[in-house]
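Colleague: quick check, what structure comes out for this input:
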Amino acid sequence: MRGRSITLLVVAFAAASPLSGCGGPITPGELSRSIETLESTAAEGALLANDVARDRTKATFARVHARDLGDVVQHEAEKLQDAEADQGHVAAAKTNAVDLADRIGMTLGQIQTAPGSETDGRKAEAALTRLSEDAKKLADGL
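Modeller: This next block holds a predicted model:
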């Protein structure tokens, strides 16, 4: 339980960190921080999905927590979509980050929809773990 508390603090800190404002040019550093937020949120979602898969959490908690994580991802996607990026590497990474956010959000939505399904929990855990790894690779490439 202590590890989960630390992870929740990391996600909360990442979500509250001042990143790029709405609109305007985005720097590689700002984009990287935003992608890292997606990475940590997907990782937290994978932990939640693992608990669902092992029937180690209440359905209500899983649903609410998945919704909260989905809100973090949606907020990042909105900020990224509003930010301007010059053509090139940063623009491509921004587009990939928005796509990642959409996929993370969709997978978290599956937990919200079926918080008591152990089978769906296993699928969501695998998907969110992959998405977290994809986000790390994307951020490392900036």
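
Colleague: give me the neighbour count for Ile35.
Modeller: The tally of other residues near Ile35 (other C-beta atoms under 10 Å) stands at 27. Glycine gets a C-beta too; all of them are placed from N, C-alpha and C.

Colleague: what sits against it?
Modeller: Ala93, Ala97, Leu100, Ala135, Leu138, Ala139, Leu142 (C-beta atoms under 8 Å, 6 or more residues apart in numbering).

Colleague: swap the cut-off to 10 Å and go again
Modeller: By C-beta atoms under 10 Å, 6 or more residues apart in numbering, the residues touching Ile35 are 76, 80, 93-94, 96-97, 100-101, 134-142.

Colleague: drop anything exposed from those residues.
Modeller: 76, 80, 93-94, 96-97, 100-101, 134-136, 138-139, 142 (16 or more other C-beta atoms under 10 Å).

Colleague: in helices only, show me these.
Modeller: When the buried ones among the contacts of Ile35 are checked against helices (DSSP state H), the matches are 76, 80, 93-94, 96-97, 100-101, 134-136, 138-139.

Colleague: could I get those residues as CSV with distance to Thr113 and pLDDT?
Modeller: CSV is the format used below for these (distance: C-beta to C-beta, whole Å; pLDDT from 0 to 100):
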residue, distance to Thr113, pLDDT
Glu76, 21, 98
Leu80, 25, 96
Ala93, 30, 97
Lys94, 29, 97
Asn96, 26, 98
Ala97, 24, 98
Leu100, 20, 98
Ala101, 18, 98
Asp134, 23, 98
Ala135, 23, 98
Lys136, 27, 98
Leu138, 27, 97
Ala139, 29, 96
